[in-house]
Every structure is written in structure tokens, then in C-alpha cells.
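Peer 1: Pasting the sequence and the predicted model now:
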Amino acid sequence: MLVKIFIAAILGIMGLIILSGKGDMLIAGYNTASKEERERVNIKRLRLLIGGFMMVLALLAFLLIEEGSLMSIMGFGAITLVLAFIVIALANSSWAKK
């Protein structure tokens, strides 16, 4: 139970930091992009996308992960993988571009 709460709390805190606008350095690729590349990104939408993804993962971690249950961890991993592909597709599409 403690591990489940810890994982959910870390994901939730990271999501809140990103959504508040103070965690741009936590977004992979954005902090290493050149100034020209950063100007082409709609950072508000990207924050919403990545921060929302982290909040959904926190909720899923809290609801799905049961200690000692390999199936619940595998289910969490499968759902996370599908959501990650969707987030990556949206982040690289015109949805997050200016």
C-alpha cells in the first residue's frame, strides 16, 4: 500500500508542477531544444498534455496497482503504454505547435 501511494504521489506532484508552469525542465526534449524549436511549440498546450498525462497516471497507479499482484502491475503498464503512444502522437502533431 505504501509503494502504491508513493508512486501515485510522485506522479501527481510532477503533474501539478508541470501544469503550474514551473516544470518545463521536466518535459523531455523541451529543455534541450534550441530557442528556434522552442518558439515553434505551444508550451501551454504541451504543459496541459504532459501534466494531464502525469495526473492520469497518478490516478491509475492509485486505482490499479495492488501490492503482490503481477497482473495489476502488467495492466497498469499496458494502459500506460497505450496512453504514452497517444500523448507522443499529440505532442508531435500540429496540436502542440504554434
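Peer 2: Sure thing, it's come through. This structure is a prediction, so every number in the text was calculated from the model and none was measured.
Peer 1: can we go C-alpha only for contacts and neighbour counts from here?
Peer 2: Noted.
Peer 1: show me the contacts for residue 52.
Peer 2: With contact set as CA atoms under 8 Å, 6 or more residues apart in numbering, residue 52 has these partners: 15, 19.
Peer 1: can you tell me the helix or strand for it?
Peer 2: Using DSSP states H and E, residue 52 sits in helix 43-64.
Peer 1: what comes up buried for that helix?
Peer 2: 43, 45-58, 60-62, 64 (16 or more other CA atoms under 10 Å).
Peer 1: One more: stretch 25-45?
Peer 2: Residues of stretch 25-45 classed as buried by neighbour count (16+ other CA under 10 Å): 30, 41, 43, 45.
Peer 1: Could you do stretch 2-17 as well?
Peer 2: Neighbour-count burial for stretch 2-17 [16+ other CA under 10 Å]: 4, 8-9, 11-12, 14-17.
Peer 1: Where does the prediction get shaky in the protein?
Peer 2: Counting by pLDDT under 70, the chain shows low-confidence ranges at 67-68.
Peer 1: run the last query once more with 50
Peer 2: The chain contains no residues with pLDDT under 50.
Peer 1: the helices in it, which residues?
Peer 2: Ranges of helices in the chain, per DSSP state H, are 2-19, 35-39, 43-64, 70-92.
Peer 1: Done for today, thanks.
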